[in-house]
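1. what's the 3D shape of this:
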Amino acid sequence: MKGFMGGWSSGRAEPPEVMEALVQRVRTLRASIESSEGCAESTAAVLGSYEQRIADIDAAMRPIQVSRQAAQRAHDNIDRAIRAANDILAQVVTAREAEATILKGPHEDLESYLKAVDRLKQVAGFFTLKDNFKNCQRFLNDIKILLSKSSLMIEKEFNNLMIRHSTPVEPDLLLGWPSNTEWAIDGYAEASGGNSGDSKHPSKSLATAMDRTPAMILPRIVPLLNALAQRFVQDGNQQSCYRIYRDARRSALELSLRKLGVEKLSKDDVERMQLDALEAKIGKCTQFMRIAMRLLLPGERKLCDEVFDGISFNKDQCFAELAGPGVLTLLSFVDAFAKSKRSPEKLFVLLDIYEVMHVFGSEVEVIFQDSFCSEIRGAALGLVKLLAQTAQETFVDFEKKIEKDTSKTNIHDGTVHPLTIYVIDHVKCLFDYQSTLKLLVQEFETGSDTEFQLGVVLTKIMQALKNNLDGKSKQYKDPALMCIFLANNVHYMVTSVRRSEAKNILGEEWIQRHRRIVQQNANQYKRVAWSKVLQTLSVQGASSTGMSTLSDLSSSGVSRAMIKERFKSFNMQFGELHAKQSLWTIPDQELRETLRLAIAEVLLPAYRSFVKRFGNLVENEKKPHKYLKYSPEEVEELLDELFEGQQSGESKK
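-> Model prediction:
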């Protein structure tokens, strides 16, 4: 080829032998190619025969493979069937074991019982998905029947536990409980004069109160009740759970109150009570309210929260319904008292119960703050307003009673009248209720000056007393004794006010005005009682000669008979006044001494002067003591016996 290519390349003609060799080589090459093609065809033919044989083998093996695959599938099906059977058998065994535990009931081992119920529910869920199982439906029906029995057993156990352990709290425990000295809801202590630190956090105060309460049910029983209640709700028996708990606890609360002494009373029952019995009843009622608000109601609220902890359950409604009847029974006495016939004698009892109810009403708003408790809140707050209205009307009645008092008590000695003492005692006692009175004022005069309003009330009462005393003074025929009576009583009013907190309410102007009234009556007494006696010591106009002074009478030799008559007249009038006025009484030492001194300052100088000038005219008489019966010193001593309430002629010791 090289030579061929090289000859071609040179362009020269190759020799014949070269060309022959080249041709020969081409022929050989062609023969080789033809031979290779034959081999390829032979190889292809062989390969084709192999493919056929393989196809024949595949065709022969296919039935065997199908059979083998079918066998594998059958094996897998058998395995699955065995596993399913084992699962079913396990579920049946579980169901039988759960059945045995459930049929024993929950009272022996509640935890195991509830676990058995849970397992049985899982079995029911398992068979619900096995609708191709031949006896599935019958088995499911059996399980459902057993679950229904378990629900009834749970309900029965819950009911039994509630009844067995919902016993009343004994009175001794309630009366002796440590927190019995404090109010339950600290947030409303301001109403009773205490600290109001938690007033903006009533829930915190309620939680504090709950922590102080005795256990309403044994603590070890509460978790059992909670577990049963949860199962109740899960089973859709919420209403049965609600009813059982409410009825059991309502009965226990009402029985606790009844054993404590709480009873439902009517208006007629209250009106039949004597004042002493009524006051005792109010005291007990106050104690019952405090116990209920500190211990029983917070305790019931705490128990309700614990039993239904973690449960979607309307605890507020349940608590309202179980506590409502007991609270209304507790309030029945207050309601009957508020609606009974008003009487000024009941005023302080009324203020006592109003003070308690004001705090009670505030606490009710905290403990019964949800919407389901509106009836209880309305009853308590309505009573607070009713008591406030009754108190206001009682003050008006008291004022009218004072002014129109027509008691026939005879005060012969002009001393302080029992009505004055009664009214002043009431006024002084009112200041033990200053905080309560201010609450009353705020109930009707929101935003007003409470002290000013109290002053208005007290001023009206004191004026009514003064008006009545003016009327009573007119019963005295002796105008001097009338003045003593008024001076005694008004002075008693003034001194009592000055020595009490009433002075801050009535004010200094009131005190000074009534002191002037005392002074006016004292001056009037001196004029009407002693003017005639003083006239006996004057000789002005006593003679027809018109001589007007003692010196004129003496120098002109006035009739001794006239002087003797004047001495006799003085002795008689002074003796009568002493005998009479020594029986009169001025109980206040300051007023008594003031009046004695006022009389002595006028009478003694006039008597001494008269004796000094005319005593010599009667000293030489056979019986001088008939005319000079009293020496000036004896007159002074006798004046000191006035207003002591002594018997006539009895000497002062």
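
2. Go through the strand or helix carrying Y245 and flag the buried ones.
-> Using DSSP states H and E, Y245 falls within helix 238-260. Residues 238, 240-242, 244-254, 256-257, 260 are the ones in helix 238-260 that count as buried (16 or more other CB atoms under 10 Å). Heads up, the C-betas are built off the backbone N, CA and C, glycines and all.

3. now stretch 337-349
-> Neighbour-count burial for stretch 337-349 flags 337-338, 340, 342-344, 346-349 (criterion: 16+ other CB under 10 Å).

4. Poorly predicted segments of the stretch 151-300 of the chain, please.
-> 178-212 (pLDDT under 70).

5. And the helices in it, which stretches?
-> 171-176, 202-211, 222-234, 238-260, 267-271, 275-291, 297-307 (DSSP state H, counting those that start in this stretch).

6. Show me what the longest one is packed up against.
-> So the one you mean is helix 238-260. Judged by 3 or more CB pairs under 8 Å, 6 or more residues apart in numbering; DSSP states H and E, helix 238-260 is in contact with helix 136-165, helix 171-176, helix 222-234, helix 275-291, helix 297-307, helix 315-339.

7. Which secondary structure element of the chain has the lowest mean pLDDT?
-> Ranking every helix and strand in the chain by mean pLDDT, DSSP states H and E puts helix 2-10 at the bottom, with a mean of 41.

8. from the middle of its chain, how far away would the helix or strand just after that one be?
-> As assigned by DSSP H and E, the chain's next helix or strand after helix 2-10 is helix 16-104. Mean C-alpha position of helix 16-104 versus that of the full chain (CA atoms, centre = their mean, to the nearest Å) differs by 93 Å.

9. try stretch 350-358
-> Worked out by CA atoms, centre = their mean, stretch 350-358 lies 11 Å from the chain centre.

10. which residues sit against it?
-> For stretch 350-358, the surrounding residues in contact (CB atoms under 8 Å, 6 or more residues apart in numbering) are 191-192, 282-283, 285-286, 289-290, 334, 337, 380, 383-384, 387-388, 390-391, 394, 433, 435-437, 439-440.

11. does T406 sit in a helix, a strand or a coil?
-> coil (DSSP: H, G, I helix; E, B strand; the rest coil).

12. Need the phi and psi values for it.
-> In terms of degrees, to the nearest 10, the main-chain angles of T406 are phi -120, psi 30.

13. Could you report the neighbour count for it?
-> Look at T406: counted by other CB atoms under 10 Å, it has 7 neighbours.

14. and it, how far is that from F485?
-> 16 Å (CB to CB, to the nearest Å).

15. now swap in P171 and tell me
-> Counting by CB to CB, the gap from P171 to F485 is 54 Å.

16. Looking at the two, which one has more neighbours?
-> Taking other CB under 10 Å, P171 and F485 do not tie; F485 has more neighbours (26 against 14).

17. May I have the strand or helix carrying K428 as CSV, with CA atoms only?
-> Under the criterion of DSSP H and E, K428 resides in helix 418-430. Provided in CSV are the C-alpha atoms of helix 418-430 (Å, rounded to 0.1, in the frame of the first residue of the first chain):
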residue,chain,number,x,y,z
PRO,A,418,-85.3,61.2,132.8
LEU,A,419,-86.1,62.2,129.2
THR,A,420,-83.0,64.5,129.2
ILE,A,421,-80.8,61.7,130.5
TYR,A,422,-82.3,59.2,128.0
VAL,A,423,-81.7,61.5,125.0
ILE,A,424,-78.2,62.5,126.1
ASP,A,425,-77.2,58.9,126.7
HIS,A,426,-78.4,58.1,123.2
VAL,A,427,-76.5,61.0,121.7
LYS,A,428,-73.3,59.9,123.5
CYS,A,429,-73.8,56.3,122.4
LEU,A,430,-74.2,57.5,118.8
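
18. other SSEs contacting that helix?
-> Using 3+ CB pairs under 8 Å, 6+ apart, helix 418-430 sits against helix 374-403, helix 450-473, helix 479-498.

19. so it versus helix 374-403, what angle?
-> Angle, helix 418-430 to helix 374-403, by axes from the mean of the first three to the mean of the last three CA atoms, to 10 degrees: 150 degrees.
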